[in-house]
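# Test case, fold it:
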Amino acid sequence: TVETHGTVFHVTFPTVPHHEPAPVALAAAADETVPRILVCEDDANIANLLTLILERAGFVADRADTAQDALRLLRTRRYAAMTLDLVL
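You can find the predicted model right below:
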């Protein structure tokens, strides 16, 4: 076949690896004065990204993959804020 117009691009995006908390984030998690935020998100890539952004901003982020997990965490800890996947 012969193309008559247009441009074809091939782009490859890297996947976001599972985020492991850095040692600084682990130390902050033990400090109760650092604001803690609950990330309630069932998409692992989005949850990893939100967690990374929040931790780099100086927060401690806990993750919940389901609404039930979020409710369990809300009963056991105090949170300054929460992100919520609207589908959940």
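# which regions of the chain sit below the pLDDT cut-off?
For the chain, applying pLDDT under 70 flags the ranges 1-3, 13, 15-31.
# need the helices for it, in chain order.
Under the criterion DSSP state H, the chain carries helices at the ranges 23-30, 44-56, 67-76.
# who does the second one touch, helix- and strand-wise?
Packing partners of helix 44-56 (3 or more Cβ pairs under 8 Å, 6 or more residues apart in numbering; DSSP states H and E): strand 36-40, strand 60-64. (C-beta placed from N, C-alpha, C; glycine too.)
# Could I get the buried residue list for it?
Residues of helix 44-56 classed as buried by neighbour count (16 or more other Cβ atoms under 10 Å): A47, N48, L50, T51, L52, L54, E55.
# got it, and stretch 58-67?
F59, V60, A61, D62, R63, A64, D65.
# I am assuming the third one contacts A47, so please confirm or correct that.
No. The pair formed by A61 and A47 falls short of the contact definition of Cβ atoms under 8 Å, at 9.0 Å.
# Right, I'll call it a day here.
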